[in-house]
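Enquirer: Curious how this folds, go ahead:
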Amino acid sequence: MAAPSLRCQRLFRGFTAKRSAIRRIITKAQSLDVPLQSVQIHHEPEPRIALAADVFSGAPDELHHRTVRIFKPAKTPMQSGVHATRNWELEFDIPGKNTRWEHPLIGWAASSDYMQGTRLKFNTKDDAIHFAEKQG
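Expert: Numbering: from 1, shown residues only. Below you'll find the model as predicted:
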């Protein structure tokens, strides 16, 4: 009979180690003399505190005081479904008049606002508001 491969040996060792760890946990639980039906685990939701994330986020200072717009996109007028309207979006407002210009020769539009095309999607309105408050 051929010897088992090294991979099989490692898998078997890992399985036996996990099995022995489970046995130890069961033995400790049995030594407490508490029936498993009487043990109840309570998970309390963590409070959502809006702590400022500007200290460790690395975002520039001018982003902390930008106005944002939180909205739910409208349905397109085509026959397509409503999938695009499921999420809430957060969009940064345009900071001022002098941030956009047009190239005189080619006519291309440009902007110095690097957050102009950024849209963040959230599942709920509360998540979007929490993110905006946390970022300052």
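Enquirer: pLDDT below threshold where in the chain?
Expert: 1-23, 25-43, 46-56, 97, 136 (pLDDT under 70).
Enquirer: what about the helices in it?
Expert: For the chain, the helices defined by DSSP state H cover 6-31, 54-57, 125-135.
Enquirer: what about the residue lying closest to residue 122 once chain neighbours are set aside, how many neighbours?
Expert: Closest residue to residue 122 apart from its sequence neighbours, by C-beta to C-beta, 6 or more residues apart in numbering: residue 128 at 4.1 Å. (C-beta placed from N, C-alpha, C; glycine too.) Neighbour count of residue 128, defined by other C-beta atoms under 10 Å: 21.
Enquirer: quick one, what contacts residue 128?
Expert: Contacts for residue 128 (C-beta atoms under 8 Å, 6 or more residues apart in numbering) come out as 70, 88, 89, 90, 120, 122.
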